[in-house]
Each structure stands twice: as C-alpha cells, then as structure tokens.
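Engineer: take this sequence and fold it.
(chains A and B)
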Amino acid sequence: MSDDHGHGHQPTPPSPIERRAAALEELLAEKGLVPQGFIEDVIRLYENDIGPLNGARVVAHAWVDPQYRARLLEDGTGAVVELGFGTPGNIVAVENTARVHNVVVCTLCSCYPWSILGLPPAWYKDAPYRARMVREPRLLLREMGCKLPDEFDIRVWDSSAEVRYLVVPERPVGTDDLSEEELAALVTRDSMIGVARL
Amino acid sequence: MNPELSDVDGAAAPRRNGELVFDAPWQSRVFGLCAAIVQTCFNGDRDPFRQQLIAAIGAEPDRPYWDSWTVALQRLVLEAGLIDELAIERHIGAQGT
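Structural biologist: Model prediction:
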C-alpha cells in the first residue's frame, strides 16, 4: 500500500528489529532493571544538552586563551572537565596546523567523545568510513568535500574505549574581532572529527 | 541534514545541540535502554557492551548500526543471565503483526 500522501498518519508496522528492541525493553523493565523515566531522561539529555556545541565551546575557548589551549593539548580530559563537561574515557585533543590535518575514526565500532560532540553521525558508524579512513584518508576526505593540498600531512587517529580524540581546527582568518561565543558558532561537528576544515 | 527530518509530525525536532541524533524513535529508546542496563547491571562499565558491539558489527559489517546495537544489547543481557532467549522470542511473537 502506498502512503504517498503522507496525511493519514497511519503508523508503519514495526520492523523485526524494532520488535526485538521493544521486547528487550519490556522484559528488562519487568525485571526492575530500567528505572522509571531513565530512558526518557537519557534521550532528552542527548537530544537537548549533549552535542557538538559543547565541543565548539572547548575549541573556541582554546582559540582565545593560549594557556587553556596548552592545557587542552597537554591534558584533554582535564581541560574538558574544566569547562564543566563530562568525559567518556580520556580525551586527547589534536591540533590542526597549516601543514597538519587530523581526522578521527573508530575502526572497531563507534567510540567517540560523546560528552562534547553528542552521538556520532551515521556515516561515522558505517563500515566504509571505518575502513577507508585508515586505508585512503586523502581520497575519502576529498570525497567528503575536504580537499587538502598534497603537502598536508594527514594524521588518522583511531578512537578506543580508553582514548577519544577531538580535533582542534585552525581558527579561521579574519575572526580577530569575534567574541568567544561567536567563534563557537563557527565550529562545526565535522571540523572536530576532522572531515572538514573551517 | 535533510531539513524535512526536522519537522516530523509537525513538532520541531531537537536542534539545540546542533544535530539531530536519531533517525527513528526506537533507536533512541534502545540507546537509552542500553544506558540503563550499563548503569544498573554493570556499575556504569560500558566495556562489556562495547565488546558485544564490536562483535556484532564485525559479524555483519553492513548491517545497520542500530540493528547491530540491538543485537549487541541482546547478547549482553543473555550472557549476563538477565533474561532468557525463549522469553524474548515469546514476547516478540506475542506482539502480533
């Protein structure tokens, strides 16, 4: 049956995997293993409060405060905590320069600095990205719209449960007059993963 | 990001953190469910789940991510003896079509 019109609000029957997920939730809740409201609280947190804007604040602060930048590069976890954000494992900040471009991948699953970037985008979790960013980073970056001059040194960082990487992009030229808040608005999620430059 | 996705059912989708995070409600629920189980049954240790996720992705690399996530969670709770497989299959069957 076609639902071309899209006005009927006819619910789509759940897929087999949705039914499996629902069964798990109901059975585990029946066992008392899912505190009341816990799932809704987690969803709300990730949808509203935990996301790339947190990482953007870290980067913007590093741009305006050289001492903070030094601390961020020396001890990413401590510097992130300093701004009031949590850390899943250790956070290591890697800085782009005029000749060095950093990019992050998790070859085994989807390790990611969730507390400051939110949940990873779909492509980050897909097999082609996880495999190709290690094998042919320059080509894949170009395909993703990030063309780098040949002389650029590309460094690929493989995240793990223990270490999550944050790319600190270069501060764009011509932004000397911007406030820290305005600078944070320039920092994109993709630039902090390293698949884009600012 | 497809702008149409930001207006599902006429409600403004969450954008305050700059990104839509789930493609479907069931994905957000299974994510939250996993967070709950990690908290209540594994003292907040994410690694047992992560190992299951690595195995689930490795077994079928092209499977959609949240499908692998669900498979990993099922393996985790089965191996921990929290529920049994028969109960899951019976529950799925009872959901009807």
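
Engineer: hmm, A:N54 is touching A:L117, no?
Structural biologist: Yes: with contacts counted by CB atoms under 8 Å, A:N54 reaches A:L117, the gap being 7.4 Å. Placement of C-beta: from N, CA and C, glycine included.

Engineer: neighbour-wise, which of these two wins?
Structural biologist: Using other CB atoms under 10 Å in any protein chain shown as the criterion, A:N54 and A:L117 rank with A:L117 on top: 27 against 23.

Engineer: any figure for the gap between that one and A:V34?
Structural biologist: 26 Å (CB to CB, to the nearest Å).

Engineer: for B:V30, same thing?
Structural biologist: B:V30 is 12 Å from A:V34, by CB to CB.

Engineer: how about B:S28: what's its closest non-neighbour residue?
Structural biologist: B:F22 (4.2 Å; CB to CB, 6 or more residues apart in numbering or on different chains).

Engineer: I'd say that neighbour and B:R29 touch.
Structural biologist: No: B:F22 sits out of contact with B:R29 when judged by CB under 8 Å, with a separation of 9.0 Å.

Engineer: and for those two, which residues touch both?
Structural biologist: Counting by CB atoms under 8 Å, 6 or more residues apart in numbering or on different chains, the residues touching both B:F22 and B:R29 are A:I43.

Engineer: who does the longest helix along chain B touch, helix- and strand-wise?
Structural biologist: Ranked by residue count and defined by DSSP state H, the top helix of chain B is helix B:25-41. In terms of contacts (3 or more CB pairs under 8 Å, 6 or more residues apart in numbering or on different chains; DSSP states H and E), helix B:25-41 is packed against helix A:16-30, helix A:38-44, helix B:47-59, helix B:65-79.

Engineer: now it, how far from the centre of its chain.
Structural biologist: 6 Å (CA atoms, centre = their mean, to the nearest Å).

Engineer: go on, stretch B:62-78?
Structural biologist: Worked out by CA atoms, centre = their mean, stretch B:62-78 lies 7 Å from the chain centre.

Engineer: also stretch A:99-119?
Structural biologist: For stretch A:99-119 - counting by CA atoms, centre = their mean - the centre lies 6 Å from the chain centre.

Engineer: hey, C-alpha coordinates of it in CSV?
Structural biologist: The C-alpha trace of stretch A:99-119 is given here as CSV (Å, rounded to 0.1, in the frame of the first residue of the first chain):
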residue,chain,number,x,y,z
ARG,A,99,50.5,21.7,7.3
VAL,A,100,48.9,19.0,9.5
HIS,A,101,45.4,17.8,9.3
ASN,A,102,44.0,15.4,11.9
VAL,A,103,41.0,13.1,11.4
VAL,A,104,39.3,10.7,13.8
VAL,A,105,37.8,7.3,13.2
CYS,A,106,36.9,4.2,15.3
THR,A,107,37.8,1.2,13.3
LEU,A,108,36.1,-1.3,15.5
CYS,A,109,32.8,0.2,16.5
SER,A,110,31.8,3.8,17.2
CYS,A,111,34.0,5.2,20.0
TYR,A,112,33.5,9.0,20.1
PRO,A,113,33.9,11.8,22.5
TRP,A,114,30.1,11.8,23.2
SER,A,115,30.1,14.3,26.1
ILE,A,116,31.4,17.1,23.8
LEU,A,117,30.2,16.0,20.4
GLY,A,118,27.0,14.2,21.1
LEU,A,119,26.2,11.0,19.3
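
Engineer: thinking again about what came up before, got the contact list for the residue nearest to B:S28?
Structural biologist: A:I43, A:E47, A:L119, B:S28, B:F31.
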